[in-house]
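[1] I'd like to go over a predicted model; first the sequence, then the structure.
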Amino acid sequence: MENKAPIVEVRQVSKSYHRGNQTVPVLQDISFDIGDGEFLALMGPSGSGKSTLLNLIAGIDKVDAGTITVGGIDITTLSETDLARWRSVNVGFIFQFYNLIPVLSAFENVELPLLLTSLPKAERRAHVETALGVVNLLDRMDHYPKQLSGGQQQRVAIARAIVTDPTILVADEPTGDLDRVSTEEIMELMDNLNTESGKTIIMVTHDPRAARKAHHIRNLDKGVLNNDAHL
Amino acid sequence: MHIFKILFKNAFRHKLRTALTVLSITIAILAFSLLRTVISAWYAGVDASSASRLVTRNAVSLIFTLPLSYKEKIRQTEGVSIVSYGNWFGGVYIDEKNFFANFAVDPKSYLDLYPEFKLGEEQKNAFLRDRKSFVAGKKLAAKYGWKIGDIVTLRGTIYPGNWEFVMRGIYEGKDETTDESQFFFHWDYLNETLKKTAPGRADQIGWYMIGVTNPDLATEVAGRIDRAFKNSIAETLTETEKAFQLGFVSMSNAIITAIRLVSLVVIVIILAVVANTMVMTSRERIGEYAVFKTLGFGGWRIAGLIVGESLVITMTGCAIGVVLTFPTAKLFGHTMGSYFPVFNVGNDTIGYAIISSVLVGILAAIIPTYRAIKIPIADGLRSIG
Ligand SMILES: Nc1ncnc2c1ncn2[C@@H]1O[C@H](COP(=O)(O)OP(=O)(O)O)[C@@H](O)[C@H]1O
Ligand SMILES: [Mg+2]
């Protein structure tokens, strides 16, 4: 599972934010690879730029300098529209606060990314049911988010992230809002996705228990990657 | 699931807020449609008037009359086919508030000249035969419950005294633009009474109504008539029926302009109401739009979600408003029948109401859409939690 050709190549990436006329540097000259099928945990203190780096890799934020190549495509050169299309095919995003659409049922939330494809209704249904089966929530597919526990909502969100069979899964503190039992469940699920389905996963976390399932841990501190711990 | 489902679910997420917004639109559309109907009712007489008919009156003012003796000369004018004439009677039925138009006319020529007043052959003959008879429009007869053979007394205002008439006919309008609330009777009855009671006022005509052989030459015929009476005791002013009607109507032009303006203001107000709702709504959903964008929904789709939701709300209000317009207009027309003989909601009014609503729906969504598209995804996501 390790030592495969890199699916993500981050090269000399820098990023800063502007507050008023002040420039806040967040990432400085970051370079690293993520292998195909790797499960990487990004750790580091709060405010160290983990989310920013993840967002750049997922194509929802723009680098100031450097390049990010995912599956052979340099996403830093893509236009807004192309990037949106690229995301819909290549990225599954899992958020800390699940971010399900409250007026849609679990089924409809998972179906959402498929509305951007040309799949006919019956096939969409098959995909959604498969994804909900993976997260073991087929019996709850007509429930609305507020009728589900935090752990269940996050599982729906994972189903939504994998339903398009994306190239990479990115997760920003997916267990940050969950209790211990739910955290175990979610991490078990992520581990299965990685080992059984071969999904490449990049996960930001500051929970060492969550990070235990990952193959690699990279530490980000003040915008600099300073080690590559190997578990 | 279809994307439309999201629009509807979003639109009715805040039930009370959406209900209030829809209610405002409903009331506004109702007001808009009624105001526009008032305007078209006002011009109904003009629209129903014929371009092939001329009206000749005293050049000084409508208050002044013309001699009956002009009739022959007008008839002989080149291009004239029929000449009829009438006087405004201005009689009151029981009470001042029972207002309706009543004229003394030359019956035969009047009915010939106004084929839009449809009268059965039998009733027509009965009317022509009986000099003390009158004919009323269907709407008017229904309002006061008059039946054929009933005797109706009008109290004269211009011509003093109590005047008794026998109803011999009820006319029907050719279509819904025809005024069905007129009351007309024999000019001879009026004139012969005047000859006895006020000889100085006899043989005087309020206005001549003239049919022309060729509508295209109507203005030439009008010029010929007026030239014929140049420098006579009573000079004439001849114009098309339409121009004549417009002369009445335009007296109140300022009021009509004000009503028009108010109907536009109503639309601007609902624009503000809907825009306010949409701005509030989309501000709360910045995080959700960021999620949609993360999933790969592009700018156009985000715009579709917001504009679509805005349209769902406005068109719901518009639909209810349009549906309510018809019974409301009916009720309104019923109570105001004497002032607006023709009070029908026109297709153009409904058309304008719908077009305005569509525009409002789109315009109200512009600012929220712009904001939702412009905000970077990372910032939008940051607003959650
Ligand atoms: N949109 C933004 N505008 C200004 N500053 C930002 C913005 N996003 C992030 N930052 C700043 O960048 C730094 C890194 O943020 P982030 O990547 O969210 O850190 P982490 O996820 O490691 O906690 C923080 O200091 C944060 O305040
Ligand atoms: Mg973070």
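    Received the coordinates, thanks. Numbers count the residues shown, from 1 in each chain, chains lettered A, B, ... in the order given. Ligands and ions are numbered 1, 2, ... in the order given.
[2] okay, which residue is most central for chain A?
    Nearest to the geometric centre of chain A sits A:V170, at 1.3 Å (CA atoms, centre = their mean).
[3] And it, how far from A:T117?
    Per CB to CB, to the nearest Å, A:V170 is found 20 Å from A:T117. Backbone N, C-alpha and C define where each C-beta goes, glycine included.
[4] cool, A:S48 as well?
    36 Å.
[5] So which of the two has more stuff around it?
    A count of neighbours by other CB atoms under 10 Å in any protein chain shown puts A:S48 above the other of A:S48 and A:T117, at 21 against 15.
[6] What residues does the nearest residue to the more buried one once chain neighbours are set aside make contact with?
    Nearest in space to A:S48, with sequence neighbours left out and distances taken as CB to CB, 6 or more residues apart in numbering or on different chains, is A:L220 at 4.6 Å. By CB atoms under 8 Å, 6 or more residues apart in numbering or on different chains, the residues touching A:L220 are A:42-44, A:48-50, A:53, A:226.
[7] change it to 6 Å
    By CB atoms under 6 Å, 6 or more residues apart in numbering or on different chains, the contact list for A:L220 reads A:44, A:48-50.
[8] Now for the chain, the helix or strand with the poorest mean pLDDT.
    Let's take chain A. strand A:224-230 (a mean of 62; mean pLDDT, DSSP states H and E).
[9] Chain B was what I was after
    helix B:44-48 (a mean of 71).
[10] which element is the residue in the stretch 1-150 of chain B that ligand 1 sits nearest to on?
    Across the stretch 1-150 of chain B, no residue is closer to ligand 1 than B:N10, which sits at 26.1 Å (CB to the nearest ligand atom). Using DSSP states H and E, the element containing B:N10 is helix B:3-11.
[11] cool, and B:L16?
    helix B:15-42.
[12] For the closest residue to chain B within chain A, which non-adjacent residue is closest in space?
    Nearest residue of chain A to chain B (CB to the nearest CB) works out as A:S88 at 2.5 Å. In this structure, A:S88 finds its nearest non-sequential neighbour in B:G296, 2.5 Å apart by CB to CB, 6+ apart.
[13] Would you mind measuring from A:N90 to B:G333?
    Applying CB to CB to A:N90 and B:G333 gives a distance of 64 Å.
[14] With just CA atoms, put the longest helix along chain A into CSV.
    When chain A is parsed with DSSP state H, its longest helix is helix A:180-197. Provided in CSV are the C-alpha atoms of helix A:180-197 (Å, rounded to 0.1, in the frame of the first residue of the first chain):
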residue,chain,number,x,y,z
ARG,A,180,-15.2,8.8,21.8
VAL,A,181,-17.5,6.0,20.6
SER,A,182,-18.5,7.9,17.4
THR,A,183,-14.8,8.8,16.8
GLU,A,184,-13.9,5.1,16.9
GLU,A,185,-16.7,4.3,14.4
ILE,A,186,-15.7,7.0,12.0
MET,A,187,-12.0,6.1,12.2
GLU,A,188,-12.9,2.5,11.6
LEU,A,189,-14.8,3.5,8.6
MET,A,190,-12.0,5.7,7.2
ASP,A,191,-9.6,2.8,7.8
ASN,A,192,-11.9,0.4,5.8
LEU,A,193,-12.2,2.9,3.0
ASN,A,194,-8.4,3.1,2.9
THR,A,195,-7.5,-0.6,3.2
GLU,A,196,-10.4,-2.2,1.5
SER,A,197,-11.3,0.3,-1.2
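[15] Identify each buried residue in the helix holding B:N10, please.
    Using 16 or more other CB atoms under 10 Å in any protein chain shown as the test for burial, helix B:3-11 gives B:6-7, B:9-11.
[16] next one: stretch A:126-146
    So, applying 16+ other CB under 10 Å, buried residues of stretch A:126-146: A:127-129, A:131-132, A:134-135, A:137-138, A:140-141, A:143-145.
[17] Can you tell me which of the residues you listed lies closest to ligand 1?
    The nearest one, if we look at the buried residues of stretch A:126-146 relative to ligand 1 and count by CB to the nearest ligand atom, is A:P145, at 24.0 Å.
[18] my read: that closest one touches A:L104, true?
    No. Look at A:P145 against A:L104 with CB atoms under 6 Å: they stay out of range, at 8.0 Å.
[19] and residue 211, what pLDDT?
    I'll assume chain A. For A:A211, the model assigns a pLDDT of 85.
[20] Correction: the question concerned chain B.
    93.
[21] Please enumerate the helices of chain A.
    A:50-57, A:80-90, A:106-111, A:121-134, A:150-162, A:180-197, A:208-211.
[22] what residues does the second one touch?
    Contacts with helix A:80-90, where a contact means CB under 6 Å, 6+ apart, come from A:59, A:78, A:116, A:166-167, B:296, B:298.
[23] ok, 10 Å please
    Here helix A:80-90 makes contact (CB atoms under 10 Å, 6 or more residues apart in numbering or on different chains) with A:7, A:58-60, A:62, A:70-71, A:73, A:75-79, A:93, A:113-117, A:164-168, B:292-302, B:373, B:377.
[24] Go back to these and keep what's next to ligand 1.
    Among the contacts of helix A:80-90, no residue is within reach of ligand 1 (CB under 6 Å from any ligand atom).
[25] Are any of those residues buried, and if so which?
    A:7, A:58-60, A:70-71, A:75-76, A:78, A:93, A:113-116, A:164, A:166-168, B:292-298, B:301-302, B:373, B:377.
[26] domain parsing for chain B?
    B:3-44+B:252-382, B:60-234 (automatic domain parsing).
[27] Single out the most deeply packed of those.
    domain B:3-44+B:252-382 (a mean of 19; mean count of other CB atoms under 10 Å in any protein chain shown).
[28] Let me see the contact set for B:F244.
    Going by CB under 10 Å, 6+ apart, the list of residues near B:F244 reads B:45-46, B:49, B:53-57, B:62, B:207, B:209, B:237-238.
[29] Now restrict those to buried residues only.
    B:45-46, B:49, B:53-57, B:207, B:209, B:237-238.
[30] Rebuild the residues you listed as CSV, extending it with secondary structure.
    Listed next are the buried ones among the contacts of B:F244 as CSV, based on DSSP: H, G, I helix; E, B strand; the rest coil:
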residue, secondary structure
B:G45, helix
B:V46, helix
B:S49, coil
B:R53, strand
B:L54, strand
B:V55, strand
B:T56, strand
B:R57, strand
B:W207, strand
B:M209, strand
B:L237, strand
B:T238, strand
